[in-house]
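Student: Below is the sequence, then the predicted model.
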2 protein chains.
Amino acid sequence: MRISRKQARDGLTPAPLFVLVEPQMGENIGATARAMLNFGVAGLRLVRPRDGWPNPKAAATASGASIVIDQTDVFASLDEAIADCQYVLATTARRRELPTAVLTPDAAAAALKERIAAGLRCAVLFGGERNGLASDDVARADAIVSIPVNPAFASLNLAHAALIVAYEWSRAAGDMEIDAPATTPPAGREDLHRLIEHLEAELDAAGYFFPLEKKPGMARNLRAAISRAGFTEPEIRTLRGVIKALARSGDREEV
Amino acid sequence: MRISRKQARDGLTPAPLFVLVEPQMGENIGATARAMLNFGVAGLRLVRPRDGWPNPKAAATASGASIVIDQTDVFASLDEAIADCQYVLATTARRRELPTAVLTPDAAAAALKERIAAGLRCAVLFGGERNGLASDDVARADAIVSIPVNPAFASLNLAHAALIVAYEWSRAAGDMEIDAPATTPPAGREDLHRLIEHLEAELDAAGYFFPLEKKPGMARNLRAAISRAGFTEPEIRTLRGVIKALARSGDREEV
């Protein structure tokens, strides 16, 4: 799906830059770009991408996130890539012998939001597929972001790590929406009551409540089951039609 | 990285099943399996996978999540795939004309956690790459999960959608950890004070504070900059060595 640059930018607010340090596979760079734009992050920088840049595989995997891919900047060193950044986070899975603070992704997103709101240019660093960030790279960061994972299967795909950080960023920034339909609310209790009365009347006519002394309990159980479902007004109309149709069919059979 | 089944299972608690309905690309099935296991979800079911099953591309992309891939069950219909499930969520991006409740991923994870704690078998449905879930599939769900995305670039990759739900599930379940090192705390103020005194003494000797009436302000600014950094005790030792080395080198130059 191709979208216009204007469309893709609509509603994008200032966001952190994502910096991939020595990424290897174009597919992962493209998947990262797509994941970023899904969550409103458009600025991508690459440090020494293994297969050069531009990379046709990255463009293919980006699935329309061309405003990210087309404007990706490439740098010869991490220092150049973050020269203009005022707050830098490093994502890493492995233990580090560094005194740098370690943040969960949601805490990192909150830290980024605070600084971006104050006008600071922020970057999040991601290491390459093989080894992640080198300790020398991590030492350049203000804090570490660590994604809590299954300790027995902790190796996160590069684009997946970027996706989690972008997702938490968009949650913190609060500018994404779920495309929730204007949900039809449950019907009022009067409609529900009429449905149940209708059903009971037809069941009475059909001789369902037998023996008769058990009717109060049977009716109460039916009412409880039907009340719990949260039927909407259109659904109640449908169900009354259903009851009518079944009762009519019963009449026919008795003829 | 291959890990043993036992390792990968260690620490896995009951989790929702993920059901992919008519998935197309093996790569996406594999990436989904990897993302699931990263966040402690191991049960994968497929409904009519386009390229059959097993799928070598899925196994390759799963990057070691073979306990997920090897135990994936395949079904001919969604109804069979969820026959034993007691609570079913449907992930969908598009608007639906259904009165089904729409949950954000974190609300969905909380709903899953509550039901799984009560012993219910839960499933989360994901549609295929082209069109997502059909409305007929969604009508089988207790609630819809909608991932809040950039409205101008809303098309989420299948594995990315699964990743977000698995990530939120693991956050709600609370059984994942970040591998945070035992962070060295900042040094006590006495160590910091001695560092600053040492620095000031050497700067005095070097004639740095000039003119002398400006010394209090200059010293105060230096103290503020150094105090803010949160140096640890080993870092302070390092810095005192640095000061000593610089001062010695200054002595030499004057000879």
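Tutor: Happy to help now that I have it. Residues are numbered from 1 along each chain as shown, chains lettered A, B, ... in the order given.
Student: from memory residue A:17 sits against residue A:125, does it?
Tutor: No: contact criterion Cβ atoms under 8 Å: residue A:17 and residue A:125 do not qualify, at 9.6 Å. (C-beta placed from N, C-alpha, C; glycine too.)
Student: So which residues of chain A form helices?
Tutor: Here chain A has its helices, by DSSP state H, at A:5-9, A:26-38, A:56-61, A:66-69, A:78-81, A:105-117, A:135-138, A:158-173, A:189-205, A:215-227, A:233-254.
Student: okay, now residue A:229: neighbour count?
Tutor: Neighbours of residue A:229 under the rule other Cβ atoms under 10 Å in any protein chain shown: 11.
Student: Could you dump the helices of chain A into CSV with distance to residue B:32, mean neighbour count and mean pLDDT added?
Tutor: Formatted as CSV, those follow (distance: least, Cβ to Cβ, whole Å; neighbours: other Cβ atoms under 10 Å in any protein chain shown; pLDDT from 0 to 100):
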stretch, distance to residue B:32, mean neighbour count, mean pLDDT
helix A:5-9, 26, 15, 52
helix A:26-38, 13, 26, 97
helix A:56-61, 16, 18, 95
helix A:66-69, 23, 22, 94
helix A:78-81, 32, 18, 95
helix A:105-117, 20, 19, 95
helix A:135-138, 30, 16, 90
helix A:158-173, 11, 25, 96
helix A:189-205, 41, 15, 90
helix A:215-227, 37, 13, 87
helix A:233-254, 34, 12, 80
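Student: Put together CSV for the ones you listed, with distance to residue A:90 on each row.
Tutor: Formatted as CSV, those follow (distance: least, Cβ to Cβ, whole Å):
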stretch, distance to residue A:90
helix A:5-9, 28
helix A:26-38, 16
helix A:56-61, 22
helix A:66-69, 21
helix A:78-81, 10
helix A:105-117, 10
helix A:135-138, 5
helix A:158-173, 11
helix A:189-205, 57
helix A:215-227, 54
helix A:233-254, 52
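Student: quick one: which of the ones you listed is nearest residue B:86?
Tutor: helix A:215-227 (16.0 Å; Cβ to Cβ).
Student: OK, contacts around residue A:239?
Tutor: A:195, A:231 (Cβ atoms under 8 Å, 6 or more residues apart in numbering or on different chains).
Student: at 10 Å instead, please
Tutor: Counting by Cβ atoms under 10 Å, 6 or more residues apart in numbering or on different chains, residue A:239 touches A:192, A:195, A:198-199, A:226, A:229, A:231.
Student: So for residue A:144, what's the nearest residue that isn't a sequence neighbour?
Tutor: Residue nearest to residue A:144 in three dimensions, not counting chain neighbours: residue A:102, with 4.7 Å by Cβ to Cβ, 6 or more residues apart in numbering or on different chains.
Student: so how many other residues sit close to that neighbour?
Tutor: By other Cβ under 10 Å, neighbour count at residue A:102 equals 19.
Student: mind checking how far it is from residue B:57?
Tutor: 36 Å (Cβ to Cβ, to the nearest Å).
Student: now do residue A:228
Tutor: Taken as Cβ to Cβ, the span from residue A:228 to residue B:57 is 45 Å.
Student: what's near enough to touch residue A:197?
Tutor: Contact analysis of residue A:197 by Cβ under 10 Å, 6+ apart lists residue A:223.
Student: Try it again at 6 Å.
Tutor: For residue A:197, the contact set (Cβ atoms under 6 Å, 6 or more residues apart in numbering or on different chains) is empty.
Student: Spatially central residue in chain A, please.
Tutor: residue A:167 (6.5 Å; Cα atoms, centre = their mean).
Student: Please report the distance of that residue from residue B:227.
Tutor: From residue A:167 over to residue B:227 (counting by Cβ to Cβ), the distance is 36 Å.
Student: what's the answer for residue A:133, then?
Tutor: 29 Å.
Student: ok, now residue A:73?
Tutor: On the measure of Cβ to Cβ, residue A:73 and residue B:227 end up 36 Å apart.
Student: With residue A:222 instead?
Tutor: Distance from residue A:222 to residue B:227, by Cβ to Cβ: 73 Å.
Student: go on, residue A:113?
Tutor: Distance from residue A:113 to residue B:227, by Cβ to Cβ: 26 Å.
Student: Can you name the residues that contact the residue nearest to the centre of chain A?
Tutor: Counted by Cβ under 6 Å, 6+ apart, residue A:167 has contacts A:39, B:164.
Student: Which residues are in contact with residue A:18?
Tutor: A:36, A:44, A:124, A:162.
Student: Pairing-wise in the sheet, spell out the partners of it.
Tutor: Legend: beta-bridge partners of residue A:18 under DSSP bridges are residue A:44, residue A:124.
Student: Phi and psi next, for the nearest residue to residue A:50 once chain neighbours are set aside.
Tutor: Spatially, and ignoring its direct neighbours in sequence, residue A:50 is nearest to residue A:24 (4.6 Å; Cβ to Cβ, 6+ apart). Backbone torsions for residue A:24, taken as degrees, to the nearest 10, come to phi -100, psi -60.
Student: Count the neighbours of residue A:24 for me.
Tutor: By other Cβ under 10 Å, neighbour count at residue A:24 equals 15.
Student: I'd assumed residue A:126 was in contact with it.
Tutor: No: using Cβ atoms under 6 Å, residue A:24 is not in contact with residue A:126, being 12.0 Å away.
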